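>>> Sharing a sequence plus its predicted fold:
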Amino acid sequence: MIDAKVAPWKRDRVGELAAILSSDGVLGVVDIGGVPAKNMLSMRKDLRSSMSITMAKKTLMRLAWEQSGRPMGDLDTLLDGAIQPAIVHTDSMNAFQLFSELEKTRQGRAAKEGEVSPIDIVVEKGPTQFGPGPIVGEFNAVGIPAKIDKGKVAIQKTTTVIEQGETISADLGIMLAKLGINPIEIGIILTGAIEDGFLFEADSLDLDTDGFRTDIITATSGAFNLACNIRWFSSQTMPTLLAKASGEATSVAVEAGITNDVTIPLFVSRANARALALAGQLDSSALDDELAAALGAAASAATSAPAATSDAADPAEETPAEEEEEEEEEAEFDGLGDLFG
């Protein structure tokens, strides 16, 4: 309850907050601590069309939360760790989309004197954009080894200038900024959100969408392969199963010598290939024009194949076993006369 002696503007403010907390949609708390006013105005302008961000003191937030009838434990969870909290509300996104959108506001800024480093700050070895001058001494004064190299200031070796948790000095912050290193992360950071009565903490909203998409693709592919292997009939597997069955049936029909519209072209193609191979062993005087032209076309198509080795056996020097095999093939086709008329 609000004390009767509370200033009217505070009553009005609590009423406004309570109305937001009681409205439909996704409700959350964001931390805007450390965000400069200029950056904050730019961020809010970009987000205004999809959500509202309402700033208020924690005391007024608690009064409005109680007035809206929401569990106080949820508010304590959302406020935990928030330096400068604000209420965020949206009716166009779910909790996961809200988190993803607010994550885009994260950006780095230069470190100020007395701030604690959130990470190990490492300066890499290599040239800089600065020319010779006093800046060499300024780098070395803050523990960044530098010297003049080929007309430019160069960092001599990769150096960890400050470790996570240590306090950053004013001079070091300035020199890091000159190198383009802005270690202090700012942004509108979502601490958690409430959707349909369920409280989602920030960690549970941080989804690896690319990894999730890859997992879905892998699982779908595995399920499809399994369904095909166990002959599970469905609208997705039937085309593949029918194609596989058709191919296997054709193979069986060819091996069994069954003639139909599908196998006859295969038989003719196989016979033609064997006939050309056999004809290639004959003297050119034994071939008619049509067969000679067919052999020439086959030879042209084979020019891209690896050349025969120089020690290939001459046809005239075939062993008796090879001659016997050739005779068997000729007997099988009953001579060239039966093939070409």
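Cool, the structure landed. Residues are numbered from 1 along each chain as shown.

>>> from here on, contacts and neighbour counts on C-alpha atoms
Will do.

>>> Just give the nearest non-adjacent residue to residue 54, would you?
residue 87 (5.1 Å; Cα to Cα, 6 or more residues apart in numbering).

>>> May I ask you to confirm that residue 228 is in contact with residue 243?
No. Counting by Cα atoms under 8 Å, residue 243 is not a contact partner of residue 228; they are 11.4 Å apart.

>>> more neighbours, those two?
residue 228 (18 against 11; other Cα atoms under 10 Å).

>>> can you pull the contacts of the more buried one?
Listed by Cα atoms under 8 Å, 6 or more residues apart in numbering, the contact set of residue 228 reads 237, 240-241.

>>> and with 10 Å instead?
By Cα atoms under 10 Å, 6 or more residues apart in numbering, the contact list for residue 228 reads 222, 234, 236-238, 240-241, 244.

>>> Same check on residue 91?
Contacts for residue 91 (Cα under 10 Å, 6+ apart) come out as 23-27, 50-52.

>>> cool, and residue 113?
The contact partners of residue 113, taken as Cα under 10 Å, 6+ apart, are 167-174.

>>> which other residues reach stretch 100-110?
Contacts for stretch 100-110 (Cα under 10 Å, 6+ apart): 30, 34-36, 39-40, 42-44, 46-47, 50-51, 93, 95, 97, 173-178, 180-190, 205-207.

>>> Quick check: mean pLDDT of that stretch?
Stretch 100-110 shows a mean pLDDT of 90.

>>> Buried only: go through the contacts of stretch 100-110 for me.
Buried by 16 or more other Cα atoms under 10 Å: 30, 35, 40, 43, 51, 95, 173-177, 181-184, 186-190, 205, out of the contacts of stretch 100-110.

>>> before we move on, the earlier item: looking at the contacts of residue 91, which has the most residues close by?
Most neighbours among these, by other Cα under 10 Å: residue 27, with 26 neighbours.

>>> correct me, but that one touches residue 17?
No. Residue 27 is not in contact with residue 17 according to Cα atoms under 10 Å; the separation is 11.5 Å.
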